[in-house]
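>>> show me the folded form of this:
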Amino acid sequence: MKVALIGFPLSGRTTLFEALTGGQAHEGVASVAIPDPRFEALAKQAGAKKIVPAAFEWRDDLPDFNPEKPETVRQPLSLARQSDALVLVLRAFDSPYAPYHAPIDPVRDLNFWLDEFVLSDLQLIENRLERLTKLFQSHKESAADRAEHAWLERMHRALSAGESPKSLEVSRELEPRLRGFGFLTRKPLVVVANINEGLLGREAESEMIQRLQTVCMERDLPLVNLCATFERDLRQLPEAEQAEFLQMMGVGESALPRLVRTVYEQLNLQVFYTLGEDSRAWLLRRGGTALDAAATIHSDLARGFIRAEVCHADEVLAAGGWKAAQKANKVQLVGKDYVMRDGEVVYIRFNV
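Numbering: from 1, shown residues only. Below is the predicted model of the structure:
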């Protein structure tokens, strides 16, 4: 899953990226494991020699632009379409060492980006509708072309009326045609308020943050308050010293795990596991089936799918391992339409 960080220059976007990735990025891209103690216990129990946790690919490779020239935002937004989710970093701190392009106002900056998402998507839709209209004039269109045209018109009306298009349903047949557009207004979005270190734990005292919170609630956007420089400095400390540093600063915990959890929830994800010498955790959209899980592992498994054996990780751990869970009749044999539960261990039976 690709998660793109976006924001104005000097918003602290890159500092947050460094905190998330521990400075291990290559050209603004880094794969970072999602913490999962349950998977660690499963892999240890299975005697795994290779352990591959689920991960997010964090990206801070979008080009900067000139805030005084809004047209320069087009290229970053075009690249942002390639991500599965967006994290919008808003500057909510002031500093004489980092002069900003305007008075500090995260609500204004949020509205700028949301407006740009709408304008960019509208332009994309209008261009596509124009091409489809020309196709219709040649009488060479298909039923799928007609369905796409009708759906795009509905989305255009919603955006033009200031409504969120996230509630528009997409049929299973139409979804592959629309996926390539990467509509920004339909992507999961998490808002980050990058605050001063001195405000940590006292966000309720800030009128600016409270105003941002209200706007985010009205727009149904999750908001995470953090200080990017604090998180980066914390990440650079040895693990044994991090708790002491947090206590010294009067902060209960790092905000990064909360940010990761929020992105995870907005992507509507769940995890499943495959165990053995090579043990792996895999991400799957909620509502995904056993066949979808097989396809996530490898296309051959989906192509030759016969049945799947599934058992929840908690039951596997409690039983003492997969074989013990089988002996205790905890393992189910399910078909391709079985809806996966979060945290299940799965073995795919297939033949190709």
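
>>> please make it C-alpha for all contacts and neighbour counts, starting now.
OK.

>>> poorly predicted segments of the protein, please.
For the chain, no stretch has pLDDT under 70.

>>> now do the same end-to-end measure for stretch 328-343.
End-to-end distance for stretch 328-343: 19 Å, by Cα to Cα, to the nearest Å.

>>> domain map for the chain?
With domains defined by automatic domain parsing, the chain comprises 2-36+54-102+188-266, 119-185, 287-350.

>>> want to try JSON lines for the ones you listed, with mean neighbour count and distance to Y273 as columns?
Compiled in JSON lines, the domains of the chain are given as follows (neighbours: other Cα atoms under 10 Å; distance: least, Cα to Cα, whole Å):
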{"stretch": "domain 2-36+54-102+188-266", "mean neighbour count": "17", "distance to Y273": "9"}
{"stretch": "domain 119-185", "mean neighbour count": "14", "distance to Y273": "26"}
{"stretch": "domain 287-350", "mean neighbour count": "18", "distance to Y273": "5"}
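
>>> relative to K44, which of those is closest?
domain 287-350 (10.0 Å; Cα to Cα).

>>> how about Q270, nearest residue that isn't a chain neighbour?
Computed as Cα to Cα, 6 or more residues apart in numbering, the closest residue to Q270 that is not its neighbour in sequence is D342, at 5.0 Å.

>>> what helix or strand does the one you found sit in?
Using DSSP states H and E, D342 sits in no helix or strand.

>>> circling back: TSV for the domains of the chain, including distance to A48?
Formatted as TSV, those follow (distance: least, Cα to Cα, whole Å):
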stretch	distance to A48
domain 2-36+54-102+188-266	15
domain 119-185	36
domain 287-350	12
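
>>> relative to F112, which of these is closest?
domain 2-36+54-102+188-266 (9.4 Å).

>>> from one end of that closest one to the other, what's the distance?
OK, domain 2-36+54-102+188-266 end separation, Cα to Cα: 13 Å.

>>> can you get me a residue count around the closest residue to D300 other than its chain neighbours?
Using Cα to Cα, 6+ apart and skipping the chain neighbours, the partner closest in space to D300 is V352 (7.0 Å). Neighbours of V352 under the rule other Cα atoms under 10 Å: 9.

>>> isn't V352 up against S299?
No - V352 is beyond contact range of S299, at 10.6 Å (criterion: Cα atoms under 8 Å).

>>> mind listing what the residue nearest to D300 touches?
300, 303-304 (Cα atoms under 8 Å, 6 or more residues apart in numbering).

>>> and if you look at F230?
E197.

>>> quick one on the thing from earlier: surely the residue nearest to Q270 meets N268?
No - with contact defined as Cα under 8 Å, D342 does not count as touching N268 (10.9 Å).

>>> residues shared between the contacts of the two?
R286.

>>> so A54 touches P37, yeah?
No - contact criterion Cα under 8 Å: A54 and P37 do not qualify, at 11.8 Å.

>>> find residues that contact each of those two.
In contact with both A54 and P37: no residue, using Cα under 8 Å, 6+ apart.

>>> can you pull out the strands in the protein?
Taking DSSP state E to define them, one finds strands in the chain at 2-6, 29-33, 50-52, 55-59, 85-92, 189-195, 223-226, 269-274, 278-285, 305-312, 332-334, 344-350.
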